[in-house]
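Undergrad: structure, please.
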Amino acid sequence: MHLDVLDLRNFYYRSALGRAAQKVIRDELTTLWPEAKGQMVVGFGFAAPLLRPFLGDARRVISLMPGPQGVMPWPPEGKNVSVLCEDTLWPIETGHVDKLVVLHGLETTEQPSALLDEAWRVLGPGGRAVFVVPNRAGLWSRSDATPFGYGRPYSLSQLEAQLRKHQFVTERTMSTLYQPPSGRRIWRKSAGFLERVGHNIPMVAAGGVLIIEVSKQMAAPTRPGLGEAVKRPLRALEGIGQAAPKPETARTSSRRPVSS
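TA: Purely as a prediction, here's the structure:
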């Protein structure tokens, strides 16, 4: 079930913990995608906090927000790019999206399979998508104080299997948010240090979220008529190896011998 847009807005824009989480995840995204010049960038769920770096150079930016969640105007300055839509019916033409970001969308929808089909549909050839989901092994998925404590958390193997089933190819994976999901000052001051330690020594603690970048798998093209050609191979060499036909026995003449 999707969270309310007001709760998400208050977390990411009005709490110290939410602003810290926003920065950490956005920094990872811009490392994956340093620019989007001339491209169409779309976010689904509550991806608006991650889309801001692309407003300057992208050809178009759209923030899709699911109906059960609700929508808010964004960005607060300039023209609004937020659109209210159904989980499985996005107002975007097939194959037009270059970059897609899904945050608080996959783990909270009641129709994850249909949502992934829709994500596959809108991506263009060579397009990339990033899914950000709660890490099943992390602390953030166990805390109701953050949006990552709602919905279905994933392990990396579960997420990769689900995406592969819907014809996505994994390109890169990572985890982040190694800091505790707490707004206490002592944790806020040490957040940067904990993120560095977590990235360098990931076995010490599990990151709060998983980030996976995928590309759209396209079916191999087939040439018309090739299947029929294989089904009907050439018959020029048929008969080789079979027994040679026996010569036909000469017929006995029925004429009477000529008397001398």
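
Undergrad: residue ranges of the helices in the stretch 51-200 of the chain, please?
TA: Remark: helices assigned in the stretch 51-200 of the chain by DSSP state H, counting those that start in this stretch are 112-122, 156-165, 185-189, 191-200.

Undergrad: where does pLDDT dip in the stretch 101-250 of the chain?
TA: Counting by pLDDT under 70, the low-confidence segments of the stretch 101-250 of the chain come to 187, 193, 201-205, 219-250.

Undergrad: the same query, at a cut-off of 50, please.
TA: Where the stretch 101-250 of the chain drops to pLDDT under 50, the residues are 204, 221, 225-230, 234, 236-237, 250.

Undergrad: circling back to that earlier point, with respect to Phe44, which of the helices of the stretch 51-200 of the chain lies nearest?
TA: For Phe44, the closest of the helices of the stretch 51-200 of the chain is helix 112-122, at 7.3 Å, according to CB to CB. (C-beta placed from N, C-alpha, C; glycine too.)

Undergrad: list the buried ones in the closest one?
TA: Using 16 or more other CB atoms under 10 Å as the test for burial, helix 112-122 gives 112, 115-116, 118-122.

Undergrad: can you check stretch 189-208 too?
TA: In stretch 189-208, counting by 16+ other CB under 10 Å, buried: 191, 194-195, 198, 205-208.

Undergrad: with only the CA atoms kept, save that stretch in CSV.
TA: Presented in CSV, the C-alpha positions along stretch 189-208 are these (Å, rounded to 0.1, in the frame of the first residue of the first chain):
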residue,chain,number,x,y,z
LYS,A,189,26.9,14.1,13.2
SER,A,190,28.5,10.7,12.4
ALA,A,191,26.4,10.0,9.3
GLY,A,192,29.1,10.8,6.8
PHE,A,193,31.6,8.6,8.6
LEU,A,194,29.2,5.7,8.8
GLU,A,195,28.4,5.9,5.1
ARG,A,196,32.1,5.8,4.2
VAL,A,197,32.8,2.8,6.4
GLY,A,198,29.8,1.0,5.1
HIS,A,199,30.9,1.5,1.5
ASN,A,200,34.4,0.4,2.2
ILE,A,201,33.6,-2.5,4.5
PRO,A,202,30.0,-3.6,3.5
MET,A,203,30.2,-6.8,5.6
VAL,A,204,30.2,-4.7,8.8
ALA,A,205,26.6,-3.6,8.3
ALA,A,206,23.9,-3.9,5.7
GLY,A,207,22.8,-0.8,3.9
GLY,A,208,19.3,0.4,4.4
